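In: Need a 3D model of the sequence below.
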Amino acid sequence: MTTELNNPHDRFFKAVFGRTEVAAEFLEQYLPAEVAATVDWATLRPEKEAFLDPQLTQHPADLLYAVTLHGGEAGYVYVLFEHKSYVEARINLDLLRYRVRIWEQWLQDGNAGLLPVIVPVVFYHGAARWGVKRQFAETVADAPGLQRYVPACEYHLVDLSAYRDEELRGAVMLQVALLTLKYIFRDELAARLSGILRLLRAMEEGSTGLDFIRALLRYVAQVAGTDRLSEAAFRQAVTQALSGGGEQMMTIA
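Out: This is a model prediction of the structure:
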């Protein structure tokens, strides 16, 4: 799949998870509990894009966050968001390259001592089943007696197809984004869209919410094909869902 086709998905992903408060909420809820408990999510902060090698970065939605451990230790964890709307067979190798690039840049910035931990998070919402191994060692030839020389690292996968709708928790913005991404490739999109958009009525009025709604509607309009969502069905879903909301919702509807 070309970068051009991925752009709508990448742009929407970055518009949502590029918001530090949304990323923190998502990571705290969807990382393993023992991982989420080790860090102070209030300290989550975006890192400069220079950490991501332009030769490796094919998608503009790759995000890198730093977060401090509980107790205020000097060491901190990097959380690397890798967004996928299609199955990437070599994701393990890509993530290993990302790790090395981030560590190299960390040293070039004058840091010393032990390298920081990097937690790669792969966010997937494509139509095909994600069957890629999550452990890097499983992608390397099995040579008895030599396993100690193979990096033992894995990534955390958030595959939206594995979650029921009621399991997609979070505040309004996060919940709406997750449900939209879950159904964007599915035939049920037209039937689900009005219900998803109706959740927006609980969003507080303000420019932040308005920007999110615009990005959401633009994404659905760009990505949904006529076989899944016609223009008429799209307009009807927006009108039905938002007409009963506040002044901001009425204006958009």
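
In: Which secondary structure state does Y78 sit in?
Out: strand (DSSP: H, G, I helix; E, B strand; the rest coil).

In: Quick check: bridge partners of it?
Out: Y78 has these beta-bridge partners by DSSP bridges: A66, I118.

In: Confirm for me that it is in contact with Y65.
Out: Yes - Y78 lies in contact with Y65 (CB atoms under 8 Å); the separation is 7.1 Å. Just so you know, the C-beta spots here come from the backbone N, C-alpha and C atoms, and that holds for glycine as well.

In: Overlap in contacts, these two.
Out: Residues touching both Y78 and Y65 (CB atoms under 8 Å, 6 or more residues apart in numbering) are E47.

In: ok, now how distant is D10 from A66?
Out: Distance of D10 to A66, computed by CB to CB, to the nearest Å: 22 Å.

In: Point out where this structure drops to low pLDDT.
Out: Within the chain, the stretches with pLDDT under 70 are 1-6, 48-61, 73-76, 204-207, 225-226, 244-253.

In: how far away is the residue nearest the centre of it from S230?
Out: For the chain, the residue nearest the mean C-alpha position is F123 (4.7 Å; CA atoms, centre = their mean). From F123 across to S230, the span is 28 Å (CB to CB).

In: Does the most far-flung residue of the chain relative to its centre belong to a helix, a strand or coil?
Out: Most distant residue from the mean C-alpha position of the chain: G145, 37.8 Å away (CA atoms, centre = their mean). Counting by three-state DSSP, the backbone at G145 sits in coil.

In: quick one: the helices in the stretch 101-250 of the chain?
Out: Along the stretch 101-250 of the chain, counting by DSSP state H, counting those that start in this stretch, helices occupy 172-183, 189-198, 207-223, 231-242, 247-252.

In: any chance of those helices in TSV, plus mean neighbour count?
Out: Shown next, in TSV, are the helices of the stretch 101-250 of the chain (neighbours: other CB atoms under 10 Å):
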stretch	mean neighbour count
helix 172-183	21
helix 189-198	19
helix 207-223	16
helix 231-242	16
helix 247-252	14
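
In: Any chance of those helices in CSV with distance to N111 as columns?
Out: Converted to CSV, the helices of the stretch 101-250 of the chain look like this (distance: least, CB to CB, whole Å):
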stretch, distance to N111
helix 172-183, 32
helix 189-198, 43
helix 207-223, 34
helix 231-242, 48
helix 247-252, 45
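
In: Look up how far E47 lies from the residue nearest to Y65 when sequence neighbours are not counted.
Out: Nearest in space to Y65, with sequence neighbours left out and distances taken as CB to CB, 6 or more residues apart in numbering, is V79 at 4.6 Å. As judged by CB to CB, V79 and E47 stand 9 Å apart.

In: re the thing from before, neighbours of the residue nearest to Y65, how many?
Out: 24 (other CB atoms under 10 Å).

In: Quick check: it touching L64?
Out: Yes - under the criterion of CB under 8 Å, V79 makes contact with L64 at 7.3 Å.
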